[in-house]
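K.L.:
Dropping a prediction and its sequence here:
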Amino acid sequence: MSNETRAALGKCPICKQPAQAEFRPFCSRGCRDRDLMQWFGEGYALPGAHPAELDDEPEEKDDF
(Lines give C-alpha, C1' and ligand atoms only; values in the text may rest on other atoms or scores of the structure.)
Protein backbone atom coordinates (compact mmCIF):
# COMPACT_ATOMS: atom_id res chain seq x y z
CA MET A 1 0.00 0.00 0.00
CA SER A 2 1.40 3.39 -0.93
CA ASN A 3 1.87 6.26 1.49
CA GLU A 4 -0.87 8.20 -0.33
CA THR A 5 -3.33 5.35 0.18
CA ARG A 6 -2.47 5.10 3.87
CA ALA A 7 -2.88 8.85 4.28
CA ALA A 8 -6.28 8.66 2.57
CA LEU A 9 -7.43 6.02 5.05
CA GLY A 10 -6.46 8.23 7.98
CA LYS A 11 -5.76 7.13 11.53
CA CYS A 12 -7.67 4.73 13.72
CA PRO A 13 -9.97 6.74 16.05
CA ILE A 14 -9.21 4.32 18.92
CA CYS A 15 -5.40 3.94 18.92
CA LYS A 16 -4.28 6.51 16.28
CA GLN A 17 -2.37 3.87 14.24
CA PRO A 18 -2.75 3.98 10.44
CA ALA A 19 -6.16 2.64 9.40
CA GLN A 20 -6.43 -0.53 7.32
CA ALA A 21 -8.83 -0.73 4.37
CA GLU A 22 -10.33 -4.00 5.63
CA PHE A 23 -11.35 -2.44 8.97
CA ARG A 24 -11.81 1.18 7.87
CA PRO A 25 -11.84 3.54 9.72
CA PHE A 26 -10.08 1.32 12.27
CA CYS A 27 -6.67 -0.34 12.13
CA SER A 28 -7.72 -3.81 13.27
CA ARG A 29 -10.61 -6.03 14.29
CA GLY A 30 -9.68 -5.38 17.92
CA CYS A 31 -10.14 -1.61 17.64
CA ARG A 32 -13.31 -2.08 15.60
CA ASP A 33 -14.74 -4.38 18.29
CA ARG A 34 -13.63 -2.05 21.10
CA ASP A 35 -15.56 0.78 19.43
CA LEU A 36 -18.64 -1.41 19.05
CA MET A 37 -18.51 -2.35 22.72
CA GLN A 38 -18.42 1.35 23.64
CA TRP A 39 -21.74 1.78 21.79
CA PHE A 40 -23.25 -1.34 23.40
CA GLY A 41 -22.10 -0.31 26.88
CA GLU A 42 -23.41 3.25 26.46
CA GLY A 43 -19.87 4.65 26.51
CA TYR A 44 -20.95 6.67 23.50
CA ALA A 45 -24.27 8.45 23.21
CA LEU A 46 -26.00 10.74 20.77
CA PRO A 47 -27.06 14.10 22.20
CA GLY A 48 -30.72 14.52 22.94
CA ALA A 49 -33.33 14.39 25.65
CA HIS A 50 -33.26 11.37 27.94
CA PRO A 51 -36.44 9.30 27.45
CA ALA A 52 -37.48 9.99 31.07
CA GLU A 53 -37.43 13.72 30.29
CA LEU A 54 -39.88 13.43 27.39
CA ASP A 55 -43.56 14.28 27.79
CA ASP A 56 -45.63 11.56 29.42
CA GLU A 57 -48.72 12.48 27.39
CA PRO A 58 -49.85 9.64 25.12
CA GLU A 59 -49.90 10.35 21.42
CA GLU A 60 -53.29 10.83 19.77
CA LYS A 61 -54.35 7.92 17.61
CA ASP A 62 -56.11 8.51 14.33
CA ASP A 63 -59.11 6.23 13.81
CA PHE A 64 -59.10 5.08 10.24
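P.N.:
Received, thanks.
K.L.:
Every contact and neighbour count from this point should use C-alpha atoms.
P.N.:
Noted.
K.L.:
what ranges do the helices span in the chain?
P.N.:
Per DSSP state H, the chain carries helices over the ranges 3-9, 29-40.
K.L.:
need those in JSON lines with mean pLDDT, distance to residue 46 and mean neighbour count, can you?
P.N.:
Formatted as JSON lines, the helices of the chain follow (pLDDT from 0 to 100; distance: least, Cα to Cα, whole Å; neighbours: other Cα atoms under 10 Å):
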{"stretch": "helix 3-9", "mean pLDDT": "65", "distance to residue 46": "25", "mean neighbour count": "12"}
{"stretch": "helix 29-40", "mean pLDDT": "95", "distance to residue 46": "10", "mean neighbour count": "14"}
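K.L.:
Adding distance to residue 47 as columns, could you present those in a markdown table?
P.N.:
Output for these, formatted as a markdown table (distance: least, Cα to Cα, whole Å):
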| stretch | distance to residue 47 |
| --- | --- |
| helix 3-9 | 27 |
| helix 29-40 | 13 |
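K.L.:
Mind checking the ones you listed for the one nearest to residue 23?
P.N.:
helix 29-40 (6.5 Å; Cα to Cα).
K.L.:
and for the closest one, what are the contacting residues?
P.N.:
With Cα atoms under 8 Å, 6 or more residues apart in numbering as the test, helix 29-40 has contacts from 12, 14-15, 23, 26, 44-45.
K.L.:
Okay, now the unreliable bits of the chain?
P.N.:
Confidence mapping of the chain against pLDDT under 70 gives the ranges 1-7, 52-60, 64.
K.L.:
Residue 61: which of the helices of the chain is closest?
P.N.:
helix 29-40 (33.0 Å).
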